[in-house]
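J.: The following comprises the amino acid sequence and a computationally predicted model.
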Amino acid sequence: MANYERVFPVAEYDLAATLTSGQAFRWNRSGDGWEGVIGCRWVRLVARPDNIRAIVAEPTKDWSWLTSYLQLDLVLSDVLATFPSEPQMLRAIAACRGLRLLRQDMWECLASFILSSTKQIVQIRQVVDRLCGRFGEPIIVPPGVSLHWSFPDVLQVARLSERELRACGMGFRAPYLRESAKLIAAGELSFTELVKMSLPQARVELMKLPGVGRKIADCVLLFAGGHATAFPVDVWILKTLRELYFGGAEVPMRQALAFVESHFGPHAGYAQQYLFHAARMESGRLLC
């Protein structure tokens, strides 16, 4: 099994919180671990207090795809030290310490968040599963494990009809996904160039795609593009910000956005994830 598994030493890594915090939608609890698909690989992850054990279906010597996805080289204490020293953040850190940001494939992340509009997590997972099962490529899994598929790439989705996409249950989001795929396939947007741009410039480029507003753009840039200051704000995060920082006042979105851009520092995206996940834990709105 030497080439089928590897144990990664970790410190302060809450795998369950990370995989259920609304960043990615293809992880499932299985016994004492988690099973999912990264690219074209099936993987099982089992967390222990000081390590994460990874098991794959095919022998591999290069694990860089997993260390990058899980961001295993990041020193969490360095990130947390950049947060504002205030009661709101200190409570969030205490509640969620070990929560990490993933580094996902940019197309899969973009497509998934286009499909997330006005949907709950369970519904998003269902739509993504249907899309992969119908149009992705089957991948190798160990004996006894149910079938898994890759996420269909840009060209595959660009060739699909709106009717085929709607059959996956994505409703009005189908034309957004299809047209976005066609534009990317035609070279109108380059993921390689996005990661080189400043956050405001990359956001503008993403928002040229149909169905992509600021919140979705910031999710993609934070969860896949490596833009650490991206701070996605939707109605739930706006509500959390109002409660924690504005005394419950109905401040407009524009004021809230100006506040987060100046307040949370170089790892503002991490701060957002901690604040929101802590708020969900307190209210019982856990995504898992």
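T.: That came through fine.

J.: so where do the strands sit in the stretch 101-250 of the chain?
T.: Taking DSSP state E, counting those that start in this stretch as the test, none of the stretch 101-250 of the chain falls into strands.

J.: And the residue lying closest to residue 270 once chain neighbours are set aside, which helix or strand is it part of?
T.: Distances taken as Cβ to Cβ, 6 or more residues apart in numbering put residue 79 closest to residue 270, at 5.3 Å, once the chain neighbours are dropped. Using the backbone N, CA and C atoms, a C-beta is placed for each residue, glycine as well. Following DSSP states H and E, one finds residue 79 within helix 76-80.

J.: Name the next helix or strand following that helix along the chain.
T.: On the C-terminal side of helix 76-80, the closest following helix or strand by DSSP H and E is helix 87-96.

J.: pLDDT of that next one, averaged?
T.: In this model, helix 87-96 has a mean pLDDT of 94.

J.: now swap in stretch 229-247 and tell me
T.: The pLDDT scores in stretch 229-247 average 93.

J.: Just the C-alpha atoms of that stretch, please, in CSV.
T.: Presented in CSV, the C-alpha positions along stretch 229-247 are these (Å, rounded to 0.1, in the frame of the first residue of the first chain):
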residue,chain,number,x,y,z
THR,A,229,-7.8,39.4,0.7
ALA,A,230,-11.0,38.4,-1.2
PHE,A,231,-13.9,38.6,1.2
PRO,A,232,-17.1,37.2,-0.2
VAL,A,233,-20.2,38.9,1.1
ASP,A,234,-23.7,37.5,0.7
VAL,A,235,-26.9,38.2,2.6
TRP,A,236,-25.8,35.9,5.4
ILE,A,237,-22.4,37.3,5.8
LEU,A,238,-23.8,40.8,5.6
LYS,A,239,-26.2,39.9,8.4
THR,A,240,-23.3,38.6,10.5
LEU,A,241,-21.2,41.7,9.9
ARG,A,242,-24.1,44.0,10.9
GLU,A,243,-24.6,42.0,14.1
LEU,A,244,-20.9,41.8,15.1
TYR,A,245,-19.6,45.2,13.9
PHE,A,246,-22.5,47.6,13.4
GLY,A,247,-24.7,46.9,16.5
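
J.: Distance check, the residue lying closest to residue 129 once chain neighbours are set aside against residue 151.
T.: Counting by Cβ to Cβ, 6+ apart, residue 129 lies nearest to residue 26, which is 7.7 Å off, once chain neighbours are set aside. For residue 26, the distance to residue 151 equals 8 Å [Cβ to Cβ, to the nearest Å].

J.: Compare the two (neighbour count), which wins?
T.: The residue with more neighbours, out of residue 26 and residue 151, is residue 151; 24 against 19, by other Cβ atoms under 10 Å.

J.: Verify the stated contact: the more buried one with residue 133.
T.: No. Applying Cβ atoms under 8 Å, one finds residue 151 not in contact with residue 133, separated by 10.8 Å.

J.: In the helix or strand where residue 44 lies, which residues are buried?
T.: Remark: residue 44 resides in strand 41-48, with elements defined by DSSP H and E. Neighbour-count burial for strand 41-48 flags 41, 42, 43, 44, 45, 46, 47 (criterion: 16 or more other Cβ atoms under 10 Å).

J.: Can you tell me what sits against stretch 141-153?
T.: 26, 35, 37, 39-40, 42, 55, 57, 105, 107-108, 111, 128, 131-133, 135-139 (Cβ atoms under 8 Å, 6 or more residues apart in numbering).

J.: Tell me if I'm right that residue 260 and residue 231 touch.
T.: Yes. Using Cβ under 8 Å, residue 260 makes contact with residue 231 at a distance of 4.5 Å.
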